[in-house]
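Undergrad: Turn this into a model:
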Amino acid sequence: MLRRALLAAGFVLVAAPALAQAAEPTIAERLGLGWMAWTWQTAVFFASIAAALLLMTGWELVRPGGHPRDGALGLRTTRGDRLFISLLAAAYIHLGWLAVATGPLWIASIIAVVVAIVVFLVV
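TA: Sure thing, here's the model as predicted:
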């Protein structure tokens, strides 16, 4: 009798919440994004990219043309080009950080923001 009670209590405490959670789809699964591990860090990452694109679009609508200039690389670049270079640099900085460093990833994010500022000022 005690054995059945313990087994039932174990089911209620362990298996029942897991089954209930598995039965209810998450927001990501409802949107067809269940294949990806959506964490708050991932959401901040994609929201930051979306915000940068929206900011650049608004800037282009207010002041069209992007004011091409010759930068340190010897290339004529516009604001959009500099944003693209910054995003590529951020991707490589994060991949390099994951491959080499053992510290927290937010340090790579700070480095990427500093590199983006330098790209917008110099390139």
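Undergrad: any idea which element the most centrally placed residue in the chain lies in?
TA: The chain has F45 as the residue nearest its centroid, 2.1 Å off, counting by CA atoms, centre = their mean. Element membership for F45 (DSSP states H and E) is helix 40-62.
Undergrad: ok so, going back, okay, the residue nearest to the centre of the chain and A101: tell me how far apart.
TA: As for F45, its distance to A101 is 18 Å (criterion: CB to CB, to the nearest Å). Every residue, glycine included, has its C-beta placed from N, CA and C.
Undergrad: Also A50?
TA: 27 Å.
Undergrad: go on, A52?
TA: Note on A52: its distance to A101, by CB to CB, is 24 Å.
Undergrad: repeat for P25
TA: Using CB to CB, one gets 36 Å for the distance from P25 to A101.
Undergrad: Same question for M36.
TA: Going from M36 to A101 by CB to CB gives 24 Å.
Undergrad: As a check, name the ranges of all helices in this protein.
TA: 2-10, 16-23, 27-30, 40-62, 79-100, 105-122 (DSSP state H).
Undergrad: Which one of these lies nearest to A72?
TA: For A72, the closest of those is helix 105-122, at 4.8 Å, according to CB to CB.
Undergrad: Next, the buried residues of that closest one.
TA: 108-109, 111-112, 115-116, 119 (16 or more other CB atoms under 10 Å).
Undergrad: how does the protein divide into domains?
TA: Following automatic domain parsing, the chain resolves into domains at 1-36, 39-122.
Undergrad: ok, and which of those has the densest surroundings?
TA: domain 39-122 (a mean of 13; mean count of other CB atoms under 10 Å).
Undergrad: Pull up the distance across stretch 94-110, start to finish.
TA: Chord length of stretch 94-110, first to last residue, is 10 Å (CA to CA, to the nearest Å).
Undergrad: average pLDDT across it?
TA: Stretch 94-110 carries an average pLDDT of 91.
Undergrad: Right, I'll leave it there.
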